[in-house]
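**Q** sequence-free structure coming up:
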Ligand code: F6R
């Protein structure tokens, strides 16, 4: 996954492209490049920067040339190591065609061999470069550009969004899209195209999401759109009212810290939104319009939420299976939500890793739904699973944070979380709002199915507000202790074990993921009951065990036994426990004690403190918290 932005129009493009690129760094930051039709000599001029912490920043300082048509790319490496040669743009032999690419060209090896055989010389080891060489041959062999592009699509397997600048066609940006998202922004005497609207959101809010399998020819005044069969495609621009203005650190040292602190408000907004979802009518279901929806009070529960997610009351009552598909942190939130749907609604719920789901046998069952959970709504594994399920005509629901995302557009219904833009690569507020959204949804389904009363539903909503309150308040309680004493102490360890049971097991997995992804400290997670089946061999004084408690009395007792078995082996024990859980607190080497919440919401209440702890351990190590090595925010490749 990579970030792409291009501009053509009445203004010089360098600053527009480079600024857009800095907003796209969440999609990858291994290297960055800029290319334009140089205003001085009318040929392609380019510059690339690779590696280090801030390639886009270095690119901005280095580029001195400019032009009226140009494009930029920020890379997350898939094929070819991170170095300057492999940074985009890539070129044909004569350097008369430049391409930037998001996605993977699966057929690149065979194409490369063929092109080498035909005399082409390659400058990089990427999959992308083959496309520039191939297009150059096809332009030579076809009488017009459109036929060359249609032919190009026949040779390429994989998922891709390409933008080409061709010296021979200086007035045109050429876009070819298959599976990877691309959005065109229409301005006045200028047009934009990018892998995310946010790249040009301050320049225009009139957008066209390019349909899958389409070719766009973009000049400063016009957009022509074609299918891969060559048919002209109609389009109608939409308006998006989202800006980049709230994507600011607001005085915090890192986005991650800001986002940890934003959780209480984000959860409250999410519940308020869910509570009033019934008040919306015609606009519901239109992905672009809901971005500006503001919650307003409603007291009755009506059917609109079912319309929003494409179901009816009867379908909810007759549901037999719920399937949830997601990746990474979203998968952990989904695993927690499994307990909600099963305990509250009594519906068997299965949770799949998107990357595995697509390659497993698929059994269609009547009265089933498939919920895709994704912060970005663009994760390739989850998106491809959604497409597979759609092709089998099953009901899909997207729960995402980005209402203009591909998943929202392609699912049968959607429920937006109200986290607001999440910039830090490590997910925090997206996780907690996913958990809150699914807790609310499970309760609402339970109400419809008669397994809880309206009064219990109200209590559950209150419980969510209380959990959000505790999430933030617990940070305040332990803030100085963590910063001054605990983070410096625990940053010295080079491995941890995380343990949980029942609802706290997927939460422990999330905690382990947070620690490893930002601090690079090795963290292994186990269900605490599994310790005795092998992993207990790892317990020693050099490997702290971090155990997350639960509020179910029976399971709590089992956890206490697990904790005792850690201590009996001289293990170092850190616990996240609740008030009154003395058996656990008393044997721990370090205990965080939180007020009690509704039992299923224990992970939500603990989320802020866990993230804050991990954040400060990493800060001690002086690592780039918002942009950990090898990662990117939106994983749009498989
Ligand atoms: C970890 C993290 C990732 C994402 C995963 C799925 O902090 O953010 O594990 O959760 O890449 O992304 P989404 O939720 O956008 O589908």
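**A** It's in. Owing to the predicted nature of the structure, the values given are computational and were not obtained by experimental measurement.

**Q** The helix or strand where residue 567 lies - what's its average pLDDT?
**A** Taking DSSP states H and E as the criterion, residue 567 maps to helix 553-568. Averaged over helix 553-568, pLDDT sits at 96.

**Q** Would you mind listing the buried residues in that helix?
**A** By neighbour count with 16 or more other CB atoms under 10 Å, helix 553-568 contains the buried residues 555-556, 559-560, 562-563, 565-566. Where C-beta positions appear, they are placed from N, C-alpha and C, glycine not excepted.

**Q** same check, this time on stretch 194-211
**A** 194-201, 203-205, 207-210.

**Q** if we can go back for a sec, distance from the helix holding residue 567 to the middle of the chain?
**A** Relative to the centre of its chain, helix 553-568 is centred 35 Å away, using CA atoms, centre = their mean, to the nearest Å.

**Q** Contacts made by it with the rest, please.
**A** 499, 501-502, 504, 528-529, 531-532, 536, 539, 545, 547, 549-550, 573, 575, 581, 583-584, 587-588 (CB atoms under 8 Å, 6 or more residues apart in numbering).

**Q** Tell me the buried residues within the residues you listed.
**A** 499, 501-502, 504, 528-529, 531, 536, 539, 545, 547, 549-550, 573, 575, 581, 584, 587-588.

**Q** In helices only, show me those.
**A** Using DSSP state H, the members of the buried ones among the contacts of helix 553-568 that fall in helices are 504, 584, 587.

**Q** Hmm, the first one is touching residue 549, no?
**A** Yes - the pair residue 504 / residue 549 is scored as a contact, 6.5 Å apart, by CB atoms under 8 Å.

**Q** shared neighbours of those two, anything?
**A** Common neighbours of residue 504 and residue 549 (CB under 8 Å, 6+ apart) are 559, 602.

**Q** Show the contacting residues for residue 229.
**A** By CB under 8 Å, 6+ apart, the neighbours of residue 229 are residue 150.

**Q** got it, and residue 218?
**A** Here residue 218 is in contact with 6, 8, 172-175, 184, 191, 193, 224 (CB under 8 Å, 6+ apart).

**Q** Just the buried residues of those.
**A** 6, 8, 172-175, 184, 191, 193.

**Q** wait, which of these is closest to residue 33?
**A** Residue 33 lies nearest to residue 6 out of the buried ones among the contacts of residue 218, by CB to CB, at 12.2 Å.

**Q** Which residue, neighbours along the chain excluded, lies closest to that closest one?
**A** Counting by CB to CB, 6 or more residues apart in numbering, residue 6 lies nearest to residue 71, which is 3.5 Å off, once chain neighbours are set aside.

**Q** Neighbouring strands of the helix or strand where that neighbour lies in the sheet, and parallel or not?
**A** Residue 71 belongs to strand 67-75 when elements are defined using DSSP H and E. Here strand 67-75 has these sheet partners by DSSP bridges: strand 3-9 (antiparallel), strand 31-38 (antiparallel).

**Q** Name the residue of the protein that lies nearest to the ligand.
**A** residue 328 (2.0 Å; CB to the nearest ligand atom).

**Q** from memory that residue sits against residue 427, does it?
**A** Yes - at 7.3 Å, residue 328 counts as touching residue 427 under the criterion of CB under 8 Å.

**Q** Spell out which parts of the stretch 401-550 of the chain neighbour the ligand.
**A** 426-427, 513, 517 (CB under 6 Å from any ligand atom).

**Q** if you set the cut-off to 8 Å instead, what comes out?
**A** With CB under 8 Å from any ligand atom as the criterion, the stretch 401-550 of the chain meets the ligand at residues 401, 425-428, 430-431, 434, 513-514, 517.

**Q** Just the buried ones out of those, please.
**A** Among those, those scoring as buried are 401, 425-428, 430-431, 434, 513-514, 517 (criterion: 16+ other CB under 10 Å).

**Q** quick one: the helices in the stretch 101-250 of the chain?
**A** 108-117, 129-141, 145-155 (DSSP state H, counting those that start in this stretch).

**Q** Name the nearest residue to the residue most central in space within the chain, ignoring sequence neighbours.
**A** Centroid-nearest residue in the chain, with CA atoms, centre = their mean: residue 376, separated by 3.6 Å. Spatial nearest neighbour of residue 376, excluding adjacent residues (CB to CB, 6+ apart): residue 634 at 4.4 Å.

**Q** which regions of the stretch 51-200 of the chain sit below the pLDDT cut-off?
**A** 52-53 (pLDDT under 70).
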